[in-house]
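A.B. asks: the following comprises the amino acid sequence and a computationally predicted model.
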Amino acid sequence: MPRGELLTLAREIRGILPIHGEVSGEAGRMGPLFIVNDYVDIALMSGADGVHLGPDDLTVASARKVAGNRLLIGVSASKPEAVQPGADYVGCGPAFATPLKPSKEAIGPEGVAALTLALDIPVFGIGGIDETNVQLLTALGVHRVCVVRAIAEARDPEQAVRRLRAMLTP
């Protein structure tokens, strides 16, 4: 989507979700967070709570120079050595096979749990997570997840969120 349209959409989403104010260091300790994928500028201009950076995006250090403590900054990693210094949280996966990233091999619930135990920052399982398999993560102590299809493809997205949230509560 063109970046101008992305900014417009991001601002609409911001208007729906609660605003948390300065959130650096708070990942996983509050309600729903609005995280923009890849674009620090869109995250800042839309008033998002954070930005998630992949391996081809800005580094955490560069993003922090631009955003300061106004944004949570998350990274993708499946091993502790891949986590950039200064990250506020990690998206770890894919926990399960996912059609959104068919070329990435799933690390399984055990891989997500291992990274969760190895780090002192919040780790969110991601990839192929839905109501049929989230209990495989919670059984290993993983109670933070990011989901796309489980909500986007649900008949009733609000109810899907409520059910998943209840399943994650320890």
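C.D. replies: Happy to help now that I have it.

A.B. asks: can you pull out the strands in the protein?
C.D. replies: 35-37, 50-53, 72-76, 89-92, 123-126, 145-146 (DSSP state E).

A.B. asks: could you export those as TSV, including distance to Ala63?
C.D. replies: Placement of C-beta: from N, CA and C, glycine included. Putting the strands of the chain into TSV (distance: least, CB to CB, whole Å) gives the following:
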stretch	distance to Ala63
strand 35-37	11
strand 50-53	6
strand 72-76	5
strand 89-92	13
strand 123-126	18
strand 145-146	18
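
A.B. asks: for Pro170, find the nearest of those.
C.D. replies: strand 145-146 (13.0 Å; CB to CB).

A.B. asks: mind putting the strands of the chain into CSV with mean neighbour count, distance to Ala106 and mean pLDDT?
C.D. replies: Formatted as CSV, the strands of the chain follow (neighbours: other CB atoms under 10 Å; distance: least, CB to CB, whole Å; pLDDT from 0 to 100):
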stretch, mean neighbour count, distance to Ala106, mean pLDDT
strand 35-37, 19, 20, 95
strand 50-53, 24, 19, 96
strand 72-76, 25, 14, 96
strand 89-92, 28, 11, 96
strand 123-126, 27, 11, 96
strand 145-146, 22, 14, 92
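
A.B. asks: among the ones you listed, which is nearest Lys101?
C.D. replies: Among those, if distance is taken as CB to CB, the winner is strand 123-126, at 9.5 Å.

A.B. asks: just checking: what are the partner strands of the closest one?
C.D. replies: strand 89-92 (parallel), strand 145-146 (parallel) (DSSP bridges).

A.B. asks: now the residue nearest to Val112 when sequence neighbours are not counted: how far from Pro157?
C.D. replies: Nearest in space to Val112, with sequence neighbours left out and distances taken as CB to CB, 6 or more residues apart in numbering, is Gly125 at 4.2 Å. Here Gly125 is placed at a distance of 20 Å from Pro157 (CB to CB, to the nearest Å).

A.B. asks: same deal with Lys101?
C.D. replies: Distance from Lys101 to Pro157, by CB to CB: 21 Å.
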